[in-house]
Every structure is written in structure tokens, then in C-alpha cells.
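J.: Fold the following.
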Amino acid sequence: FGSRCQHHSFQIFTIYSEYTARHYPSHSLTHSSPPFWLLLSVLLLQFLCSLQTMELSRRRPSRARVADVLALSLWLLAACPVHGDGPYEVECSLERIPGLRSILPFLNLARICYPTVSTANGSRDETAVFPLHLFAHGDAGGGAFFYLGYGSLQHELASHGFVVPAYLSCWFDSECNNGQESFLEALKLLDFMEQNPTLAPVDWSKSYSASGHSTGGRVVLMLASIRDNPAYLANTSIAPLIKPSYRRSLQKLRAVIGDFPDPMYNVQQNPDIANFRITETPVFIITGSNDYWIEPSSSGWADFMMTDSKNKVFICMHGAGHLEPTMYHSEGPFIAYFAQYYALGNVTAGRLIYGDGPGTLQKTLPLAEPGDHNRGDNTVSFLACSEGAPAVPLNFEAYCSDTLGLRAVEVIFDAYPNLSRSDLDGFIEIEGEAGEDEEEEEEE
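T.: Model (predicted):
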């Protein structure tokens with residue numbers, strides 16, 4: 001929009017950023033600090049600046065031009081400063097990523113947050129590098145709304161020692177085939193960063209991890225299935241879009257976290273249910289008792305049961321609704337701990353997931369109570385399965401067996417009674433074969 005507009009908009013924005021960083025060190029829009037009127041004032045000033053610079057007052061502005069100006073003002077939100085609870089200070093940048101989908105050409109962007117380390121003289125240590133953790137947003141949470149919904153959670157994860165890239169494309173699921181192809185945005189972003197290794201301070205020698213909310217939870221579960229089962233999506237129209245370099249990148253993926261994820265048994269959301277298999281990648285599924293109106297009942301538990309990985313964790317939080325990750329994200333540190341344990345081998349982080357002492361997952365987050373919605377099999381509020389170790393708690397260990405996938409099928413047909421059983425034939429056949437040796441004496 002011209003140098004004057006860019007100069008004034010970013011000047012105003014810089015003042016706002018410095019002010020909030022100085023006066024609101026725990027800044028999160030979802031916690032009403034700093035005052036929301038201040039943010040709206042910044043947006044209005046940016047909008048008026050853009051109108052003046054383009055001299056729209058001299059002629060009738062087109063709807064598209066005004067929409068572009070407003071979208072640009074909202075887009076600038078993506079660089080606002082917030083602070084996580086981890087040990088690191090965090091900085092963020094916006095990067096244009098070729099190939100990302102967007103209804104507006106200037107929104108093919110990624111927001112990348114990363115920890116910073118200071119040297120003895122107080123300057124930034126440019127040699128410090130950190131492991132990569134991909135983040136995927138939910139439906140309607142991309143584009144200009146990303147910061148409002150996920151900026152604070154992204155900072156939280158980065159403050160625990162991760163470079164956290166997040167694509168802003170696929171603003172709405174409808175842009176990416178009802179979210180079925182949103183996972184490609186994550187792969188494009190990862191591929192671009194690998195081809196441009198100095199874009200962010202990533203330690204490329206370390207394994208990757210990934211997390212996402214809602215549609216983003218579906219994204220990371222699909223990534224894990226692509227990694228573990230090459231047949232997944234092979235017979236769909238999406239297959240040609242998955243480049244060999246994408247598959248190579250996914251071999252470094254060591255942990256995924258689905259935060260209130262979409263149901264992977266929904267044929268409108270998972271285009272290849274029959275071949276959806278996660279056999280090796282550790283999985284953490286998070287849901288809440290107040291998620292009534294977005295995800296189907298017990299869908300988080302069904303996703304957990306559809307996962308054959310021997311390392312998997314399920315938690316249903318009491319009182320947490322579907323939008324909890326965009327508001328309080330109390331699970332944020334434990335997303336980081338799960339990634340640190342399985343992607344980086346941090347044993348201390350593992351104790352915070354599987355242990356039962358102070359500060360651990362089951363002693364920190366509020367577990368769903370008897371009678372609460374979305375508990376696993378109406379009894380399980382927390383379950384941590386680990387290969388070669390007893391389940392936590394031990395009385396639910398039977399659910400850790402990969403031969404119990406048929407229980408997920410029961411949940412699926414309860415939720416979707418009109419679903420054709422042929423849609424799940426492959427899944428049922430595979431799960432049935434897995435349990436044949438142990439159940440050959442039982443009747444069907």
C-alpha cells in the first residue's frame with residue numbers, strides 16, 4: 001500500500017508492542033490484559049492510516065480494497081507479544097511461505113515463535129538453537145484470527161524450549177476441503193523451513209513433535225498416520241500432493257498431541273478411515289467434559305482407542321470446553337512435556353506425564369468427575385500407557401492393549417448410526433486380526 005502506509009502502520013504497531021511488553025509482561029488477550037480498548041485503538045489507527053495513504057477519500061473505495069486494508073490491520077495482530085510460563089523469553093516473526101493456501105494473497109504466512117537466550121553482556125545469543133514443534137490451528141482460527149485464538153498457546157509452547165512454527169493458511173476448513181487437506185499446509189511449512197534452515201533457530205539434529213487444536217488435532221493425527229502407515233491416503237485424490245520430501249520429513253516426527261481433536265472416524269473429516277493407523281508415534285489426546293457443541297460425544301476417547309501406539313495418553317479435564325486451548329490452555333505445559341519426553345528423551349518431563357506426584361499431569365489438571373461428559377467408556381478420566389511399563393492408573397491397563405480397537409468402532413456407530421459399515425471394513429479387519437491370537441476361542 002505504499003511506503004508511507006507501511007511506515008505509519010508498523011510504527012504504531014511497534015509502539016503498541018513495546019508498550020504491552022513493558023507494562024503487561026504476562027500479556028494474553030484471553031486474560032483481558034492489556035485493555036482491549038487499547039488494541040482496538042491500534043487497529044483503528046492502522047485502518048485510518050491505510051485509508052489516508054491510499055487516498056481512498058478521493059474516490060469511492062471498492063469493497064475488495066477496503067477488505068484488504070481491514071484484513072491487513074488484523075493480520076498485524078499476529079506479531080503481538082505475549083509471554084509463556086516456561087523458562088525462556090520468546091520472540092516471533094511472520095514469514096511468507098510459498099504454496100500455502102489463502103483466500104487473500106498476503107495471508108500465505110506462517111507465524112514462527114522461538115526462545116531467546118542472552119549472553120553475559122545482555123545481547124541475544126545468535127548461536128542458540130532449539131528443537132522444532134509444529135502447531136496447527138482449528139477451523140476459523142487461521143489468518144488474522146490466529147493471534148486472538150492461539151497466539152498465547154504458541155508462546156507457551158515456545159517458552160518451554162521449542163521453535164514453534166504455525167501456518168496461518170486454511171483460515172477456515174472450507175479453504176482446504178473441509179480440513180481434509182489442512183495437513184498439507186503443515187508439511188509445506190516444514191518442507192520450506194528445512195530448505196531454508198536459517199529461517200529460525202532450529203536444531204535440525206533433533207527430532208520433531210507436533211500439536212494442534214480441533215482441526216489442528218486432526219492434522220497432527222493424520223501426520224502420524226502418514227508416518228506410520230504408507231498406505232494411508234494412498235488411494236485418495238490427496239496422494240499425489242504428498243511429496244516424497246514430505247514423507248522423509250515425517251520420519252523425524254516422534255510425538256503428536258491432539259488437543260480436543262476432530263473425530264478420526266468421521267468420513268467427512270478423515271478421507272481414509274480404513275488405513276488410518278498410528279502404530280509407533282506416541283500420541284496424547286486431550287478433551288474436556290464441557291465439549292458438548294463442537295465434537296461428538298466421546299470422540300476424543302474413540303480417537304485414543306483407534307490409536308495402536310503403545311505410548312499414548314488420554315485425559316478428560318473437568319469443566320473444560322472445546323475452546324479451552326484458545327482461552328486458558330492450562331494443558332500447554334504438558335503438551336510441551338509430552339513432546340520433550342518422546343521427541344527429546346527428557347526423562348524429567350516424562351515423570352511429569354506419567355508420575356503421580358506434585359506438578360504431574362494427573363495432579364495438576366482437573367480430572368473429569370463421575371457422571372461427566374466425554375470420559376473414556378464412562379469411567380476413564382486419565383490414562384497413560386507406556387511400552388514396557390504398567391499403565392497409570394493400573395486398573396485401566398486393559399485399555400492400553402492394541403487389541404481393543406473394536407471398542408472404538410462401537411463408539412463410532414453409536415455416534416453415526418447411518419454410517420455404512422463398509423466405510424470401516426479395513427479398520428475393523430485390521431483390528432480384528434490384531435486380536436485373533438488372544439481371542440480365537442471367543443465367539444464373534
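J.: can we go C-alpha only for contacts and neighbour counts from here?
T.: Will do.
J.: neighbouring contacts of stretch 271-281?
T.: With contact meaning CA atoms under 8 Å, 6 or more residues apart in numbering, stretch 271-281 is reached by 180, 221-222, 224-225, 228-229, 231-233, 236, 253-256, 264-267, 306-311, 423-428.
J.: and the gap between the closest residue to Pro358 other than its chain neighbours and Ala234?
T.: Spatial nearest neighbour of Pro358, excluding adjacent residues (CA to CA, 6 or more residues apart in numbering): Thr364 at 7.4 Å. Distance of Thr364 to Ala234, computed by CA to CA, to the nearest Å: 41 Å.
J.: residue ranges with poor pLDDT in the stretch 51-200 of the chain?
T.: Low-confidence segments of the stretch 51-200 of the chain (pLDDT under 70): 51-84, 104-106.
J.: what about 50?
T.: Counting by pLDDT under 50, the stretch 51-200 of the chain contains low-confidence residues at 52-83.
J.: ok, which stretches of it are strands?
T.: Per DSSP state E, counting those that start in this stretch, the stretch 51-200 of the chain carries strands over the ranges 89-96, 109-116, 133-136, 164-167.
J.: likewise the stretch 201-350 of the chain?
T.: Counting by DSSP E, counting those that start in this stretch, the strands of the stretch 201-350 of the chain are 208-213, 253-259, 283-288, 312-317.
J.: got those strands as CSV, with distance to Pro393 columns?
T.: Below are the strands of the stretch 201-350 of the chain laid out as CSV (distance: least, CA to CA, whole Å):
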stretch, distance to Pro393
strand 208-213, 24
strand 253-259, 20
strand 283-288, 16
strand 312-317, 11
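J.: Leaving out the residues flanking it, which one is nearest to the most centrally placed residue in the chain?
T.: The centroid of the chain falls nearest to Gly212 when counting by CA atoms, centre = their mean (1.3 Å). Using CA to CA, 6+ apart and skipping the chain neighbours, the partner closest in space to Gly212 is Ala136 (4.4 Å).
J.: got the contact list for that neighbour?
T.: Counting by CA under 8 Å, 6+ apart, Ala136 makes contact with 166-167, 186, 210-213, 215-217, 219-220.
J.: that older thread, can I get the strands of the stretch 51-200 of the chain in a markdown table including distance to Thr360?
T.: Converted to a markdown table, the strands of the stretch 51-200 of the chain look like this (distance: least, CA to CA, whole Å):
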| stretch | distance to Thr360 |
| --- | --- |
| strand 89-96 | 23 |
| strand 109-116 | 24 |
| strand 133-136 | 21 |
| strand 164-167 | 23 |
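J.: Partner strands of the helix or strand harbouring Cys385, with direction?
T.: Counting by DSSP states H and E, the element that carries Cys385 is strand 382-386. Here strand 382-386 has these sheet partners by DSSP bridges: strand 312-317 (antiparallel), strand 389-392 (antiparallel).
J.: Give me the buried positions along stretch 358-377.
T.: Using 16 or more other CA atoms under 10 Å as the test for burial, stretch 358-377 gives 360-362, 365-369, 372-376.
J.: where's stretch 167-185 relative to the chain centroid, distance-wise?
T.: Distance of stretch 167-185 from the chain centroid (CA atoms, centre = their mean, to the nearest Å) equals 13 Å.
J.: let me redo that: stretch 203-219
T.: Mean-position distance between stretch 203-219 and its chain equals 6 Å (CA atoms, centre = their mean).
J.: again with stretch 384-404
T.: That offset, for stretch 384-404, works out to 25 Å (CA atoms, centre = their mean).
J.: average model confidence for it?
T.: Computed over stretch 384-404, the mean pLDDT rounds to 87.
J.: now the closest residue to Pro263 other than its chain neighbours: how far from Cys316?
T.: Spatial nearest neighbour of Pro263, excluding adjacent residues (CA to CA, 6+ apart): Ser299 at 5.3 Å. In this view, Ser299 and Cys316 are 11 Å apart by CA to CA.
J.: and for the two, which residues touch both?
T.: By CA under 8 Å, 6+ apart, the residues touching both Ser299 and Cys316 are Asn374.
J.: So which of the two has more stuff around it?
T.: Set Ser299 next to Cys316 and count neighbours by other CA atoms under 10 Å: Cys316 wins out with 31 against 25.
J.: residues contacting that one?
T.: Each residue near Cys316 by CA under 8 Å, 6+ apart is listed here: 286-289, 367-368, 374-376, 381-382.
J.: Look up which residues are beta-bridged to it.
T.: Applying DSSP bridges, one finds that Cys316 bridges with Thr287.
J.: contacting residues for the nearest residue to Val163 once chain neighbours are set aside?
T.: Distances taken as CA to CA, 6+ apart put Tyr114 closest to Val163, at 4.3 Å, once the chain neighbours are dropped. Residues in contact with Tyr114, defined by CA under 8 Å, 6+ apart, are 90-92, 130, 158-159, 161-164, 200-201.
J.: One more: Val163?
T.: When contacts are counted by CA under 8 Å, 6+ apart, Val163 touches 112-115, 130-133, 200-202.
J.: ok, back up a step: just put the strands of the stretch 201-350 of the chain in a markdown table and tack on distance to Thr326 and mean pLDDT.
T.: As requested, these are exported to a markdown table (distance: least, CA to CA, whole Å; pLDDT from 0 to 100):
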| stretch | distance to Thr326 | mean pLDDT |
| --- | --- | --- |
| strand 208-213 | 9 | 98 |
| strand 253-259 | 11 | 98 |
| strand 283-288 | 13 | 98 |
| strand 312-317 | 15 | 98 |
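J.: Looking at these, which is nearest to Ala391?
T.: strand 312-317 (9.7 Å; CA to CA).
J.: can you pull the buried residues of that closest one?
T.: For strand 312-317, the neighbour count (16+ other CA under 10 Å) marks 312-317 as buried.
J.: now do stretch 340-355
T.: 340-344, 349-355.
J.: any idea how far it is from the chain center?
T.: Mean-position distance between stretch 340-355 and its chain equals 19 Å (CA atoms, centre = their mean).
J.: Span of that stretch from start to end?
T.: By CA to CA, one end of stretch 340-355 lies 15 Å from the other end.
J.: again with stretch 223-240
T.: Distance between the two ends of stretch 223-240: 15 Å, counting by CA to CA.
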